[in-house]
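Participant: Please work out how this folds:
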Amino acid sequence: MKKMCFLFVLVALCACGNKGGQRESCPQSITAKMSIVDKGTSRWYHSLFWDVETNALATRNKAVVDIDDTEELYTQPLALSLCLRKPLAEVAEGEEVLVNLDAPIYTELHRDPSLTTYKRRYTTHVNENAALSTVWYAEYINDERCSDEHIEFFVTGDTVYSLNYPDIWGFTPEGLTFCFTDKDVKAISASCRVYYDVYAARRIGMRSDNWAWVCRLASEDIPLKVCKEGCYTLPVIEAMKMGAADHQAMQELRGEAIAGWEEFTGESMGDASYIYDFDSYMVTLNVTYTDGSQREYTHLATAMYLEP
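Facilitator: Now for the predicted structure:
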């Protein structure tokens, strides 16, 4: 599955207010504590394909999705988060470094008065009884559907993948609410980790020509609030914090990545800035059943975007 780079800025998702477990308030914005989890410095160019073990999407296991075509209208505009983030400032705080990220420039969908936008609940079955669902949208003009589907699901064992799939732009699952249901559930707890790939880039466009892969970052476990209906909302990443040692290591890896890129291309990257490229949320769901048994499920929420 090809992961694609897009020239323009996209948007931050605030999936506020939906029935069936969708939360009524905007998603939490957080500072994620990150660390380097991949220090392979021999690559000047990170693969465009999803070949990383934490994000190996088994496309042959595309799931059947049940779509509930409700007549419920969206009452609030929907905003979508950009996959690519730039650092605004780096601030030393003792043994840590705070990386403030640019706010996603966002556009609000569903403001076109000529379109009617309905809610759609998408449900995929993980096994005979367990299911994962989320609410998305469908746009109509003159009673005819005019928007494409933008989310797909894949299931492998107890792991379910949700893929935000754009027609033009790419957006992260930040702010999306998902609901896990199963038979005879007593309680559900959840946590997640967020993954980013870090690049040095002389310009945003043309990843293969202008980007040098530096490293992969992963967050510490982030607790998620699960409501009684089994629903949880993925947070929006506002900033990152990492240990001073990891930050220094990333600076050194950046130098090596740029040197490798320049040796390979015969060109100069100049004063290339960092680009933080969203990869995925890995959600761990711990389910306790009424008979006392427990089972762990994984939800990998990820995104695809277009490469110029």
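
Participant: Tell me which helix or strand in the protein has the weakest average pLDDT.
Facilitator: Lowest on mean pLDDT, DSSP states H and E among the helices and strands of the chain sits strand 108-109, with a mean of 61.

Participant: and after it, which helix or strand comes next?
Facilitator: Sequence order places strand 116-125 as the next helix or strand after strand 108-109, per DSSP states H and E.

Participant: packing partners for that following strand?
Facilitator: With contacts taken as 3 or more CB pairs under 8 Å, 6 or more residues apart in numbering; DSSP states H and E, strand 116-125 sits against strand 65-73, strand 131-141, strand 151-156. All C-beta spots, glycine's among them, are computed from the backbone N, C-alpha and C.

Participant: how about low-confidence regions in the protein?
Facilitator: Along the chain, the model assigns pLDDT under 70 to residues 1-27, 39-60, 77-78, 105-111, 166-170, 305-308.

Participant: What ranges does it have for its helices?
Facilitator: Using DSSP state H, the helices found in the chain span residues 207-210, 244-265.

Participant: Thr284 touches Thr159, doesn't it?
Facilitator: No - Thr284 is not in contact with Thr159 according to CB atoms under 8 Å; the separation is 10.4 Å.

Participant: overlap in contacts of those two?
Facilitator: Listed as contacting both Thr284 and Thr159 by CB atoms under 8 Å, 6 or more residues apart in numbering are Tyr297, Thr298.

Participant: could you dump the helices of the chain to CSV with distance to Arg295 and mean neighbour count?
Facilitator: Below are the helices of the chain laid out as CSV (distance: least, CB to CB, whole Å; neighbours: other CB atoms under 10 Å):
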stretch, distance to Arg295, mean neighbour count
helix 207-210, 39, 16
helix 244-265, 34, 16
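
Participant: What's the separation between Val135 and Ala272?
Facilitator: For Val135, the distance to Ala272 equals 40 Å [CB to CB, to the nearest Å].

Participant: again with Glu152
Facilitator: Glu152 sits 34 Å away from Ala272, taking CB to CB as the criterion.

Participant: Between those two, which is the more surrounded one?
Facilitator: A side-by-side neighbour count of Glu152 and Ala272, using other CB atoms under 10 Å, places Ala272 first with 21 against 18.

Participant: Contact partners for the more buried one?
Facilitator: Ala200, Ala201, Arg202, Ala212, Ile258.

Participant: neighbours of the third one, just the number please.
Facilitator: Arg202: 18 surrounding residues under other CB under 10 Å.

Participant: what sits against it?
Facilitator: Counting by CB under 8 Å, 6+ apart, Arg202 has contacts Asn210, Met269, Gly270, Ala272.

Participant: As TSV, these with distance to Asn61 would be great.
Facilitator: Output for the contacts of Arg202, formatted as TSV (distance: CB to CB, whole Å):
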residue	distance to Asn61
Asn210	34
Met269	39
Gly270	43
Ala272	38
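
Participant: before we move on, the earlier item: nearest to Asp221, of the helices of the chain?
Facilitator: helix 244-265 (16.9 Å; CB to CB).

Participant: And Asn61, how far from Asn127?
Facilitator: 13 Å.

Participant: again with Asp143
Facilitator: For Asp143, the distance to Asn127 - CB to CB - is 37 Å.

Participant: More neighbours: these two, which one.
Facilitator: Neighbours were tallied for Asp143 and for Asn127 using other CB under 10 Å; the higher tally belongs to Asn127 (13 against 6).
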